[in-house]
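Student: With the sequence up front, the predicted model follows.
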Amino acid sequence: MTKMRTVDAAVAILAKEGAIEAFGLPGAAINPFYSAMRAHGGIRHTLARHVEGASHMADGYSRAADGNIGICIGTSGPAGTDMITGLYAAWADSIPMLCITGQAPVAKLHKEDFQAVDIESIAKPVTKMAMTILEPGQVPGAFQKAFQLMRSGRPGPVLLDLPFDVQMAEIEFDIDAYEPIAVEKPKASRKQLEKALDMLTAAERPLIVAGGGIINAGASAQLVELAELLNVPVIPTLMGWGTIPDDHVLMAGMVGLQTSHRYGNETMLASDFVIGIGNRWANRHTGGLDTYTAGRKFVHVDIEPTQIGRVFSPDFGIASDAGAALDGLIELARERQAAKSLPDYSAWVAECTARKGSLQRKTHFENVPIKPQRVYEEMNKAFGRDTTYVSTIGLSQIAGAQLLHVFGPRKWINAGQAGPLGWTCPAALGVVRGKPDETVVALSGDYDFQFMIEELAVGAQFNLPYIHVVVNNSYLGLIRQSQRGFNMEQNVSLAFENINSPETNGYGVDHVKVAEGLGCKAIRVEDPSDLPAAFDKAKALMDEFKVPVVVEVILEKITNISMGVEINGVNEFEELAERGEDAPTAIIALLD
């Protein structure tokens, strides 16, 4: 056995578990851990400008590829509390992420020592485990358990808090004898899956709702295979967007109150059976449950047993990993296909496809200031199938989900449930770490962009290139729109006359100057006809300088994006597409 500091053992465990990307800020109470990373040399560290930013970077890295676990590091006091929003975003979307904090010595934990805080208690509600490790000998086991928990069942984040003296203590540890604990995931039985398939094939107009659990399981290919075997249309949730490519004939659109397609909502309302796999039945997807559930039966498959029935009681529930359930359903479907006992759903598929060719929103506006819909049309033209989009909240995210196109899993990366403003920029940097040499495009409104704009400097310092499209209407646009119901517009304007940048024309913050001051490149666009050239220039600047490139688009200030309170009552504030030229980048050309 080898005697070593606990932190040296912990870093060796990180490397053996495959967690080799860290984001954080060193501080006095966590310096021993940093010294262990330096001695080991196998953990790459990206220095953030704010610890919340570091947590979102680790989150983005975790979301970027199957098996990734990002690490966030800081002290327990203000750094640990800064991590809480990042932990919440990861916990809400079932993302594995490991936060490591440095704490005051054990003997001083009850003495109100400088920057000592009970981070364990603070973090517990938004983690799968939060633990202040009081005994040096517990360090290897705590890290071992953390990795098992992050990967088992419904994935999620963990926080481990290390008092300074615990970090410095020496223990006997042999990394060669260390083994990860087996991951635990429930698996559907054949009998359960037979019943689910019997219910589906008894229906006339069935749908598959594909949730983010399919992406977490790395099972998108199986989802497409099952849909093709059964010839059943798929409705991805916002977190499941990309499980089936947007241009696949069985991709029936998204459903919901905001991030949805007109044809997706109409197809859901026309269905008589839904099997949801790895989804939560989130309220922005369902709207009113009476409307959503009326006239159709439901099967719910989820890795977390207590998730089944949480929102509404399905007709049948199965606790299972999404990948295991899909594998079993594929096996059964193949057997029935060979026996020629599967129903023919070609007429139902044709009906769904016809909706995609008729129920579309207009995107081709030539207004100045620019209408947001035109921005997404030009993004569809400028960025290819390999593009990964990163976004979090606001009218920008809602309109983006309505109008952009996604062609594979982990190509739409979104803080879906928590939606914290400021998440997009640091998360995009984490995604770039996880997807080197791939095209990453972030999408923000001006307020989301301003929240953690300092993290652009991280991209400049560490050469993490991506394109950040900022749609600027100088408003808290989503809140302004929601205030319409209160007949007010209160505390939502970001506009002011910038005495240093009169060229901003009353839109306030000069994002171009700020981005350039942080070491990045930036372009401002005020005319929609200039968007193609701006995106081309942004790609060239990104390739040349290897830094983030901001494309700021000046929008009309008052913008209302399609949304409602029921899936059969979404308000369309703009004129709808009537001809193909109204929506030239639609997945299916509009039937004139």
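Tutor: Everything's here; your move.

Student: which stretches of the stretch 401-550 of the chain have low pLDDT?
Tutor: Within the stretch 401-550 of the chain, no range satisfies pLDDT under 70.

Student: can you rerun that using 80?
Tutor: Applying pLDDT under 80 to the stretch 401-550 of the chain picks out residues 476-479.

Student: cool, and the stretch 251-400 of the chain?
Tutor: For the stretch 251-400 of the chain (pLDDT under 80), the answer is none.

Student: Let me see the ranges of the helices in it.
Tutor: Secondary structure of the stretch 251-400 of the chain (DSSP state H, counting those that start in this stretch): helices at 262-270, 283-286, 289-293, 322-338, 346-356, 372-382, 395-403.

Student: From what I see, Gly408 and Asp246 are in contact.
Tutor: No - applying C-beta atoms under 8 Å as the test, Gly408 and Asp246 come out as separate, 9.5 Å apart. Yep, even glycine has a C-beta here, placed from its N, CA and C like the rest.

Student: hang on, the earlier thing: tell me which of the helices of the stretch 251-400 of the chain sits most buried.
Tutor: helix 395-403 (a mean of 26; mean count of other C-beta atoms under 10 Å).

Student: can you give me how far that one is from the chain middle?
Tutor: Offset of helix 395-403 from its chain centre (C-alpha atoms, centre = their mean, to the nearest Å): 14 Å.

Student: what's the angle from it to helix 262-270?
Tutor: If you take axes from the mean of the first three to the mean of the last three C-alpha atoms, to 10 degrees, helix 395-403 sits at 70 degrees to helix 262-270.

Student: Next one: Gly218 from Ala54, what distance?
Tutor: Gly218 sits 26 Å away from Ala54, going by C-beta to C-beta, to the nearest Å.

Student: right, and Ser562 touches Phe573 too?
Tutor: Yes - between Ser562 and Phe573 there is a contact at 6.4 Å, judged by C-beta under 8 Å.

Student: Counting neighbours, go ahead and name the busier of Gly218 and Ala54.
Tutor: Legend: neighbour count by other C-beta atoms under 10 Å for Gly218 and Ala54, higher for Ala54 (33 against 15).

Student: Validate this expectation: the more buried one resides in a helix.
Tutor: Yes - looking at Ala54 with DSSP: H, G, I helix; E, B strand; the rest coil, it is inside a helix.

Student: Leaving out sequence neighbours, find the closest residue to it.
Tutor: Ala48 (3.6 Å; C-beta to C-beta, 6 or more residues apart in numbering).

Student: Could you list the residues in contact with stretch 361-369?
Tutor: If you take C-beta atoms under 8 Å, 6 or more residues apart in numbering as the criterion, stretch 361-369 is touched by 262, 371, 373-374, 376-377, 402-403, 526-529, 554-557, 562, 572, 574-578, 581-586.

Student: Show me just the buried residues among those.
Tutor: Among the contacts of stretch 361-369, those scoring as buried are 262, 371, 373-374, 376-377, 402-403, 528, 554-555, 557, 562, 574, 577, 582-583, 585-586 (criterion: 16 or more other C-beta atoms under 10 Å).

Student: returning to that earlier point: would you mind giving me the confidence score for the residue nearest to Ala54?
Tutor: With respect to pLDDT, Ala48 scores 98.
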